[in-house]
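Novice: Let me see the structure of the following:
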Amino acid sequence: MQIGQYEIKNRIFLAPMAGITDQPFRRLCSQLGAGLTFSEMMSTNPDVWHTEKSRLRLAHHEEIGINAVQIAGSDPFEMAEAAKVNVEYGADIIDINMGCPAKKVNKKMAGSALLREPELVAQILDTVVNAVDVPVTLKIRTGWDPENRNCLTIAKIAEQAGIKALTIHGRTRSCLFNGVAEYESIKAVKQAVSIPIIANGDIISAEKAKSVLDYTNADAVMIGRGSFGNPWLFKEINDFFETGQYSTLPENEKYQLMFKHIEDLHQFYGEDKGYRIARKHVGWYVEQLQPESNFKRTFNTLSSTKEQLNALEDFVKSIR
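Specialist: All right, here's what the predicted structure looks like:
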């Protein structure tokens, strides 16, 4: 599929997720078949643009390919300035967050809270699109709550503003991540607008990805929580789309990928931060690979690169 001037290598995207989609994880998912990955959400507050935290969030690697950066805010001019700064830093695509359900984001009238203000949505999209020369995309939910599903209205505003692709998570803000995603709204939007539509929500297997694409006729699927401890899902989906069948990676390869990912996290963040970031990823991997194991509890007591990598190496050896 095409987003602006960019040809995307396949129809399987990694969702932008705060605290998750850092450079090491995006690089891993790209290697395993993600056609496009998005950075962690960047605030449009200019006070944080040049901080160490922002530097790490914006770090890119050539192996990732297209550099898509997500921004969040509510002031059209701040959003435009943030978009321009990120383009100067190397962003190839700017994605606007209007889907985050987190209270601390919504209190600032950002994320999915904007779905209640279509006029402000139009102002933000128009201002950002006109501020940069790169494609601008948008991520939303189906509405603020089930009684106010307005994704079709927002989609038409986005199309009019020149948004190059629209991702829709099949839940309202009030649903958070509870219940099951609904795809009827995504299907309706796809039928009503001409811009590419990306379906998101509860896609945790190759079969589910295919069924969602078939039902919604969307142009691509986006994987979020389904990738936790399971980055090889991208390979499975890609194989299934291309050949109609897939096989999961051998356990040994999965353990090697896990170890390399954790090693990369330590190298990327350094001794002071790496061990904390590694804990959650190892927890997800263990839940996927050895759900009855107590290793997660043991690993969470370790607080140095050497201790964690040695323990992980011993763990891998013990279960081969």
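Novice: hang on, isn't Val282 packed against Ala311?
Specialist: No - using Cβ atoms under 8 Å, Val282 makes no contact with Ala311, being 9.2 Å away. For the C-beta atoms, the positions are set from N, CA and C on the backbone; glycine is no exception.
Novice: okay, now the nearest residue to Gln308 once chain neighbours are set aside: neighbour count?
Specialist: Closest residue in space to Gln308, ignoring its immediate chain neighbours: Leu302 at 4.9 Å, by Cβ to Cβ, 6 or more residues apart in numbering. The number of residues packed near Leu302 is 18, by other Cβ atoms under 10 Å.
Novice: Would you agree Leu302 is in contact with Leu312?
Specialist: No - counting by Cβ under 8 Å, Leu302 does not reach Leu312; the two are 9.2 Å apart.
Novice: OK, contacts around Ile277?
Specialist: Neighbour list for Ile277: 22, 265, 269 [criterion: Cβ atoms under 8 Å, 6 or more residues apart in numbering].
Novice: try 7 Å
Specialist: Residues counted as contacts of Ile277 (Cβ atoms under 7 Å, 6 or more residues apart in numbering) are 265, 269.
Novice: and the gap between it and Met42?
Specialist: 18 Å (Cβ to Cβ, to the nearest Å).
Novice: same thing with Glu81?
Specialist: For Glu81, the distance to Met42 - Cβ to Cβ - is 12 Å.
Novice: Between these two, tell me which one has more neighbours.
Specialist: Higher neighbour count among Glu81 and Met42: Met42, with 28 against 19, using other Cβ under 10 Å.
Novice: Now do the phi/psi pair for the nearest residue to that one once chain neighbours are set aside.
Specialist: Among residues not flanking Met42 along the chain, Ile71 sits closest, at 5.0 Å (Cβ to Cβ, 6+ apart). Ile71 adopts backbone torsions of phi -120, psi 150, taken as degrees, to the nearest 10.
Novice: low-scoring stretches of the chain, by residue?
Specialist: The chain contains residues with pLDDT under 70 at 46-58, 320.
Novice: At which residues are the strands of the stretch 201-320 of the chain located?
Specialist: All strands of the stretch 201-320 of the chain, identified by DSSP state E, counting those that start in this stretch, fall at 220-223.
Novice: for the stretch 1-150 of the chain, same thing?
Specialist: 2-3, 6-7, 12-14, 36-37, 42-43, 68-72, 93-98, 136-141.
Novice: Any idea which of those gets closest to Gln288?
Specialist: strand 12-14 (16.7 Å; Cβ to Cβ).
Novice: Need the residues that contact the closest one.
Specialist: In contact with strand 12-14 (Cβ under 7 Å, 6+ apart) are residues 21, 26, 29, 33-38, 198, 220-223, 227, 234, 237-238.
Novice: now do stretch 171-190
Specialist: 101, 112, 115, 141-146, 149, 151-152, 155, 168, 170, 197, 199, 201-202, 212, 215-218.
Novice: Pop the domain breakdown of the protein in here.
Specialist: 2-243, 251-319 (the TED database).
Novice: returning to what we had before: turn the strands of the stretch 1-150 of the chain into CSV, columns for distance to Ala122.
Specialist: What follows is the strands of the stretch 1-150 of the chain, written out as CSV (distance: least, Cβ to Cβ, whole Å):
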stretch, distance to Ala122
strand 2-3, 21
strand 6-7, 25
strand 12-14, 25
strand 36-37, 26
strand 42-43, 22
strand 68-72, 17
strand 93-98, 12
strand 136-141, 12
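Novice: for the ones you listed, which one sits closest to Val87?
Specialist: strand 93-98 (7.0 Å).
Novice: Can I get the closest one in PDB? Just the C-alpha atoms.
Specialist: The C-alpha coordinates for strand 93-98 follow below in PDB (Å, rounded to 0.1, in the frame of the first residue of the first chain):
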ATOM      1  CA  ILE A  93       5.700  10.400   8.400                       C
ATOM      2  CA  ILE A  94       3.900  12.300  11.200                       C
ATOM      3  CA  ASP A  95       1.100  10.400  12.900                       C
ATOM      4  CA  ILE A  96      -1.400  12.300  15.100                       C
ATOM      5  CA  ASN A  97      -2.800  10.600  18.200                       C
ATOM      6  CA  MET A  98      -6.500  11.000  18.700                       C
END
